[in-house]
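A.B. asks: What follows is a protein structure lacking sequence information:
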């Protein structure tokens, strides 16, 4: 067990807070760093970087989504390694570096993976599928509440994963250096189209929820209309394009490889999330 604090960048985000909970349950010391934490950290503000890695040998990195943020993360990795960070566990994306992903957001994610590998620090890379919690905690939550999931996924399917499974995997690899030099792809146990997701959520919530298939540029317009920066909106469009192009219709086995158990199924997650009140009016 490590005695130096594990640095969690983005410790209040969807994965970060679950990683923190798992590490604290195992008695591991952690140090949170985010824009709203006591020790402030902002990927886009270099003035918050000095001293952030002091005393920490290992860090969990959950980078921003868009190309500009990912480029900043590349710069931070170099900065952190030069200032004593010895090990990095990176949250990347499933399929990064694979064919059919010729989009800026995927190219920037691949460049970040290379930056981590070339930093001189030990590394582990974890590439999860889309999070189930996108429908209960993130921008898709409002769509579920409105009864229409409006995205540009076409008829493609994704192997959605429970973020709790991601947190469990991250904690395991952070605490065990035998995972050094490994890259794991994670997914749920089956693929679902957006229509099938809407049907699952209809059953779980007892309210009618339908999928509305947007054209990609129409999707960008709707996202910028609710305040998302254009670069981030285009990154989201391109992430959905991989689903739309049927490039995500496969299962990955990283959860079993790291934890020795199966990942959670969407039906079980939707039922328990509804019972917990995530979609209560």
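C.D. replies: Looks like it came in fine. Given the structure is predicted, the values throughout are model-derived calculations rather than measurements.

A.B. asks: show me where pLDDT drops low in the stretch 151-281 of the chain?
C.D. replies: Scanning the stretch 151-281 of the chain for pLDDT under 70 picks out no residues.

A.B. asks: Break down it into its helices, ranges please.
C.D. replies: 163-175, 194-205, 216-225, 230-244, 254-259, 266-275 (DSSP state H, counting those that start in this stretch).

A.B. asks: Run through who's touching the second one.
C.D. replies: For helix 194-205, the surrounding residues in contact (CB atoms under 8 Å, 6 or more residues apart in numbering) are 135, 144, 149, 151, 153, 155, 157, 160, 192, 208-211, 213, 266-267, 270-271, 273-274, 279. Bear in mind the C-beta positions are built from the backbone N, C-alpha and C, glycine included.

A.B. asks: Now the phi/psi pair for residue 49, please.
C.D. replies: phi -80, psi -40 (degrees, to the nearest 10).

A.B. asks: about what we covered before: so for residue 123, which of the helices of the stretch 151-281 of the chain sits nearest?
C.D. replies: Closest approach to residue 123 among the helices of the stretch 151-281 of the chain is made by helix 163-175 (10.3 Å; CB to CB).

A.B. asks: report the angle between the axes of the closest one and helix 266-275?
C.D. replies: Here the directions of helix 163-175 and helix 266-275 differ by 110 degrees (axes from the mean of the first three to the mean of the last three CA atoms, to 10 degrees).

A.B. asks: what comes into contact with helix 163-175?
C.D. replies: Applying CB under 8 Å, 6+ apart, the set of residues contacting helix 163-175 is 1-2, 6, 14-15, 18-19, 21-23, 26, 28, 58, 60, 89, 91, 124, 126, 128, 131-133, 179, 182, 184, 186, 188, 254-255, 258-259, 263-264.

A.B. asks: now swap in stretch 252-259 and tell me
C.D. replies: Applying CB under 8 Å, 6+ apart, the contact partners of stretch 252-259 are 94, 126-129, 159, 161, 165, 168-169, 172-173, 179, 184-187, 261-263.

A.B. asks: In ChimeraX, how would I select the buried members of those residues?
C.D. replies: Only the buried entries of the contacts of stretch 252-259 go into this ChimeraX selection, using 16 or more other CB atoms under 10 Å:
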select :94,126,127,128,129,159,161,165,168,169,172,173,179,184,185,186,187,263
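
A.B. asks: Just the contacts of stretch 252-259: which are in strands?
C.D. replies: With strands taken from DSSP state E, the overlap with the contacts of stretch 252-259 comprises 126-128, 184-186.

A.B. asks: nearest to residue 48, of the residues you listed?
C.D. replies: residue 126 (24.6 Å).

A.B. asks: In contact with that closest one, which residues?
C.D. replies: Contact analysis of residue 126 by CB under 8 Å, 6+ apart lists 89-92, 166, 169-170, 173, 183-184, 186, 254.

A.B. asks: Output those in JSON lines, with distance to residue 247 appended to each entry.
C.D. replies: Below are the contacts of residue 126 laid out as JSON lines (distance: CB to CB, whole Å):
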{"residue": "89", "distance to residue 247": "26"}
{"residue": "90", "distance to residue 247": "22"}
{"residue": "91", "distance to residue 247": "20"}
{"residue": "92", "distance to residue 247": "16"}
{"residue": "166", "distance to residue 247": "20"}
{"residue": "169", "distance to residue 247": "23"}
{"residue": "170", "distance to residue 247": "25"}
{"residue": "173", "distance to residue 247": "26"}
{"residue": "183", "distance to residue 247": "18"}
{"residue": "184", "distance to residue 247": "19"}
{"residue": "186", "distance to residue 247": "17"}
{"residue": "254", "distance to residue 247": "18"}
